[in-house]
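**Student:** Build me a model:
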Amino acid sequence: MPGAPLIVVIGPTASGKTSLSIDLARRFGGEIVNCDSVAVYREFEIGTAKPDRVQRERVLHHLIDVAVPTESFTAGEYARTARAVLAEIASRNALPIVVGGTGLYLRALLDGLFEGPKRSEELRARLRESSSRRGPGYLHRILRKLDRAASEKIHANDEAKLIRAIEVCLVTRQPMTELWKDGRDPLKGFRIMRIGLDPERGALYGRINQRALEMFERGLVDETRVLIAKYGGPDIAAPLGSLGYKQASQFVAGEIPLAEAIRAAQQGHRNYAKRQMTWFRREPEVRWINDFGDSLSAQQRAEEWVANFLNQKSPDEQ
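**Tutor:** Numbers count the residues shown, from 1 in each chain. Prediction:
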């Protein structure tokens with residue numbers, strides 16, 4: 001559907017994206033499309049900050065609980081699935097609202113990703129073994145030699161992305177960033193408005209700390225214990241390596257005390273928020289709101305922007 005409107009709500013963890021998106025969906029007849037790489041997995045509830053049952057009853061949500069924990073729901077798979085969902089929502093003249101904090105998912109959806117080579121489990125196992133043996137920073141140094149531009153975009157502690165980038169470089173014999181320039185397939189048929197939340201950093205960190213604490217108080221450890229018993233660990237169920245679940249797993253294993261697990265989860269989420277903002281600052285044409293998404297002023301401003309956006313005619317309608 002050429003020129004169909006699409007709203008994208010981005011921002012760091014705990015910035016209130018869910019509250020803002022639900023407000024916009026109720027105001028403009030919208031449906032929410034999840035763009036969080038952990039919320040796509042079933043059985044992972046407390047540590048994912050998914051919209052609760054009441055919120056999901058108020059507004060239709062898509063792409064939550066669509067993958068089993070043992071699956072690898074890649075950015076490419078997300079993009080293909082989400083694009084089909086967007087088209088279906090637009091075909092009913094409803095307003096799709098993409099909401100989430102996973103930058104790579106969003107980039108895959110809006111800009112497209114190149115078709116990289118198939119995974120080589122043998123190569124990946126060798127890289128993981130080398131990383132374990134040679135210590136922190138080894139994979140990042142290897143990637144820097146193979147593709148300096150890619151190494152500047154991937155955090156030195158993000159082992160999964162580092163391994164994939166090295167794998168692509170070695171298998172294709174080309175820098176991954178060169179491949180990025182070819183084969184992109186941008187989303188077509190939509191005109192996009194991006195709204196970003198960027199609350200004051202100290203206030204955001206306070207909310208992050210409180211939310212991480214509340215996850216543990218609501219039973220994150222018990223949930224993690226059940227998931228470990230069922231799946232074993234992050235090598236089988238990748239979400240067990242995500243923030244919150246990773247620290248709860250360390251406590252369950254007796255590696256760290258509970259207080260340290262909570263502090264580590266809080267620190268990890270604060271660091272993640274920094275990386276998210278670094279990523280989202282590169283998004284084009286974002287209308288930023290320096291407040292939380294559950295504040296009345298933020299919601300009123302976003303409503304005004306969206307109302308004006310929806311009243312604009314797309315080029316094919318003029």
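**Student:** From Ser37, how far out is Arg128?
**Tutor:** Distance of Arg128 to Ser37, given as Cβ to Cβ, to the nearest Å: 20 Å. In short, each C-beta sits where N, CA and C put it, glycine included.
**Student:** Please say which of the two ends up with more neighbours.
**Tutor:** Using other Cβ atoms under 10 Å, the more surrounded residue of Arg128 and Ser37 is Ser37, with 22 against 15.
**Student:** And for the lowest-mean-pLDDT helix or strand in the chain, what's in contact with it?
**Tutor:** Each helix and strand of the chain was given a mean pLDDT (mean pLDDT, DSSP states H and E); the minimum falls on helix 176-180 at a mean of 78. By Cβ atoms under 8 Å, 6 or more residues apart in numbering, the surrounding residues in contact with helix 176-180 are 113-114, 116, 147, 149-150, 153, 165, 168-169, 172.
**Student:** Check stretch 16-30 too.
**Tutor:** By Cβ under 8 Å, 6+ apart, stretch 16-30 touches 7, 9-11, 31-32, 49, 51, 55, 58-60, 94-97, 99-101, 195, 197, 199, 292-295, 298-299, 302-303, 306-307, 310.
**Student:** Name only those of those residues that count as buried.
**Tutor:** 7, 9-11, 31-32, 49, 51, 59, 94-97, 99-101, 195, 197, 199, 292-295, 298-299, 302, 306 (16 or more other Cβ atoms under 10 Å).
**Student:** Quick check: mean pLDDT of whichever strand or helix holds Glu152?
**Tutor:** Here Glu152 sits within helix 148-153, counting by DSSP states H and E. Averaging pLDDT along helix 148-153 gives 88.
**Student:** does the nearest residue to Leu162 once chain neighbours are set aside sit in a helix, a strand or a coil?
**Tutor:** Leaving aside its sequence neighbours, Leu162 sits nearest to Leu139 (Cβ to Cβ, 6 or more residues apart in numbering; 4.1 Å). Secondary structure, DSSP: H, G, I helix; E, B strand; the rest coil: Leu139 is helix.
**Student:** Number of residues surrounding Leu139?
**Tutor:** Neighbour tally, Leu139, other Cβ under 10 Å: 24.
**Student:** Glu159 is in contact with that one, correct?
**Tutor:** Yes - Leu139 lies in contact with Glu159 (Cβ atoms under 8 Å); the separation is 6.4 Å.
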